[in-house]
Structure formats: structure tokens, C-alpha cells
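[1] Here is my input; please provide its structure:
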Amino acid sequence: MRLLLDTTVLIDYLRGAPAADRLDEHLRQGDTALATAVNVEELVRGLLPKEELHARDLVDGLVVLPLGPEEGWRAGAWRREHAARGVTLSQADCLIAAAAVAADAVLVTGNPKHFPMRELRVRHWPVGA
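    All right, here's what the predicted structure looks like:
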């Protein structure tokens, strides 16, 4: 299975919280850990100085998916469609979700409410506990 790790899960993994064990088990089973440049930016933005080296190792172990015109189109369409219903979606979340759909990956996140897109497969991994 291909798992696109949302930033909440990456931070949890980095800090040794619940996602660490969950992800390690998936990797032992042969699953692939994915992210996007958006996730990398969000991770780096929130790093504590002592976490930087470990974070680099974490990112180096991920397959970072590209974001191209199709992902941009899909993300923009979702934002437009949801806005018409009074729901504001973030640009970052829509781009991450679009990459997951394009890669036929499951998005794992601590914030499933941020990802209401019907064509997206989402798995909730509670974080921070």
C-alpha cells in the first residue's frame, strides 16, 4: 500500500509519538511512505533546532511525489466546489490530497476533517497522544 503521510503524521513520527509505531509496522509489511514538497515545507517550518538532523533523515526516507498541472487543477477544483458550499479548504491540504489521488495512495492524517474530498482515501491516525 502507498501511504501519503500528512504533516501531522510526519511530526508525530519525528517526535516518537503514536504514528512512529504505526508507520514502522506498515513499512515492515512493505508499504511505501510518501509525502509532497508541501509536507516537507510544513515539517521544516515547525522544527525545533534539535530535530533538524532527524527530520532530514526522515525526509530522505520518503518518496516525495511531484506536484504538476493535474494536481494543481484538481486542488483548485476542490477549493472552488467546496467554497460554493461555504466550506473553505486550504491550498496546502488540497495539493497534498491531489497528490495522493494521483498516486493512488491512502492519505494518513491526524486531521481527517481537513480532507473531505470524495475521491480521496483517508485513514485517521490520531496524533499527539
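[2] which other helices and strands contact the helix or strand residue 99 falls within?
    Using DSSP states H and E, residue 99 maps to helix 91-102. Judged by 3 or more C-beta pairs under 8 Å, 6 or more residues apart in numbering; DSSP states H and E, the packing partners of helix 91-102 are strand 2-5, strand 32-36, helix 37-45, helix 69-84, strand 106-109. Every residue, glycine included, has its C-beta placed from N, CA and C.
[3] So, low pLDDT: which residues of the protein?
    129 (pLDDT under 70).
[4] how about 90 then?
    16-21, 127-129 (pLDDT under 90).
[5] ok so, going back, which one of the helices and strands packed on helix 91-102 lies nearest to residue 98?
    helix 69-84 (3.9 Å; C-beta to C-beta).
[6] contact partners of that closest one?
    88, 89, 91, 94, 95, 97, 98, 99, 101, 102, 116, 117 (C-beta atoms under 8 Å, 6 or more residues apart in numbering).
[7] Widest-spaced pair of these?
    88 and 102 (22.9 Å).
[8] ok, these two, which is more surrounded?
    Neighbour totals were compared for residue 88 and residue 102, and residue 102 leads with 16 against 7 (other C-beta atoms under 10 Å).
[9] For residue 31, see how far away residue 44 is.
    24 Å (C-beta to C-beta, to the nearest Å).
[10] Same question for residue 87.
    31 Å.
[11] okay, the two: which has more neighbours?
    More crowded of residue 87 and residue 31, by other C-beta under 10 Å: residue 31, with 15 against 11.
[12] Just read off the phi/psi values of the more buried one.
    phi -70, psi 160 (degrees, to the nearest 10).
[13] Apart from its chain neighbours, what residue comes closest to it?
    residue 1 (4.6 Å; C-beta to C-beta, 6 or more residues apart in numbering).
[14] Relative to residue 30, how far out is that neighbour?
    8 Å.
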